[in-house]
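Undergrad: turn this into a model:
(one chain, ligands or ions: 1)
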Amino acid sequence: MSQVLSDEQVQRYARDGYISPIDVFNEQDVGSFNEKLQRFRQRLDLNGKIAGRYNQKPHLLLPWANQIVRHPRILDAVEQILGPNILCWASQFFAKDPGDNAYVSWHQDGNYWGLSSVDVVTAWVALTPSTIESGCMNVVPGSQVRRVEHTDTYSDDNMLSRGQEIAVTVSPEEAKPIVLQPGQMSLHHVMIFHGSEPNRADHPRVGFAIRYVPTHVRQTAGDKDSAMLVRGVDTYHHFEHEREPDEEFSDAAMAQHRQVVERQLAILYAGAKKRKD
Ligand SMILES: O=C(O)CCC(=O)C(=O)O
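TA: A predicted model of the protein is given here:
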């Protein structure tokens, strides 16, 4: 493992609940990911929107997305926070096109995922410029230390599954924008208050969010959950191990994805009044 983060950055993560920016991919890598993502969006035939179940754990369908979730530089940084034994529990694209009203309300991820620990890190990898104008993610530094009530709004333009929103007003002075260039990533804590505004720029704002957990974490909502071991060993076996996709949308990858995602949606929608998928 190489040290991607300085000691100061690791301490900052513990204090503020996030670190940014971290360089990961070069321009050529990002160009190739964007081309493949474009193909994926066209294939879905939903006016190019990456909606619903195909946007849950797409790394189980797309070998190039699987390559991102296993990228050594991302895992080295995550290992400095979570330790050596790491599962990828989920992934999701957050794509906002120009003129799109899509936004993400202020929320804490940990309230909905049923995981037994707050040792959960999201790597948010920018595939296009993520700026204040294009609706980059905003966070409230230090907010990860408390859990607050949420309400489910089911608002159409809200990109979250239930339109979940914290019952706390965040003032503009508290919010910190996470500005990223394509190929850079941020890391954020599962309990940090975060959200984003619509894209007012003339280019898409696309991020790939990857959720990592150490192997000691368990799923507490519903039956056994699954995840993919991406580094180290798993002596706990709390999660069924997912397989890497052999080919894009192969029959085997599709079959596994169908089964795994149904289970994950049941967890994400546990107690919800309706489902968006
Ligand atoms: O991409 C965004 O604007 C929000 C991402 C997010 O909510 C997350 O990664 O948990």
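Undergrad: now do the SS call for Met228.
TA: Using DSSP: H, G, I helix; E, B strand; the rest coil, the structure places Met228 in strand.
Undergrad: now for it, how many residues are close by?
TA: Neighbours of Met228 under the rule other C-beta atoms under 10 Å: 23. Heads up, the C-betas are built off the backbone N, CA and C, glycines and all.
Undergrad: the protein against the ligand: which residues are in contact?
TA: Residues of the chain lying close to the ligand (C-beta under 6 Å from any ligand atom) are Phe94, Val104, Asp109, Thr122, Trp124, Met137, His194, Ser196, Gly207, Ala209.
Undergrad: mind running it again at 5 Å?
TA: Counting by C-beta under 5 Å from any ligand atom, the chain comes close to the ligand at Phe94, Val104, Thr122, Met137, Ser196, Gly207, Ala209.
Undergrad: what strand or helix carries the second one?
TA: Read it as Val104. strand 104-107 (DSSP states H and E).
Undergrad: gap between the helix or strand following that strand and the chain center?
TA: Note on strand 104-107: by DSSP H and E, the next helix or strand toward the C-terminus is strand 121-126. Its chain's C-alpha centre and that of strand 121-126 lie 6 Å apart, by C-alpha atoms, centre = their mean, to the nearest Å.
Undergrad: helices or strands next to the helix or strand harbouring Tyr212 in the packing?
TA: Taking DSSP H and E as the criterion, Tyr212 maps to strand 205-214. The contact analysis (3 or more C-beta pairs under 8 Å, 6 or more residues apart in numbering; DSSP states H and E) places strand 205-214 against helix 27-44, helix 63-69, helix 72-82, strand 86-96, strand 121-126.
Undergrad: C-alpha coordinates for it, CSV please?
TA: The C-alpha trace of strand 205-214 is given here as CSV (Å, rounded to 0.1, in the frame of the first residue of the first chain):
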residue,chain,number,x,y,z
ARG,A,205,-21.8,17.2,-14.0
VAL,A,206,-21.1,13.5,-13.4
GLY,A,207,-19.7,11.8,-10.4
PHE,A,208,-19.3,8.1,-9.6
ALA,A,209,-19.9,7.5,-5.8
ILE,A,210,-18.4,4.3,-4.4
ARG,A,211,-19.3,3.1,-0.9
TYR,A,212,-16.6,1.1,1.1
VAL,A,213,-16.9,-0.7,4.4
PRO,A,214,-14.4,-2.6,6.5
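Undergrad: just the buried ones from the residues of the chain next to the ligand?
TA: By neighbour count, with 16 or more other C-beta atoms under 10 Å, the residues of the chain next to the ligand hold Phe94, Val104, Thr122, Met137, Ser196, Gly207, Ala209 as buried.
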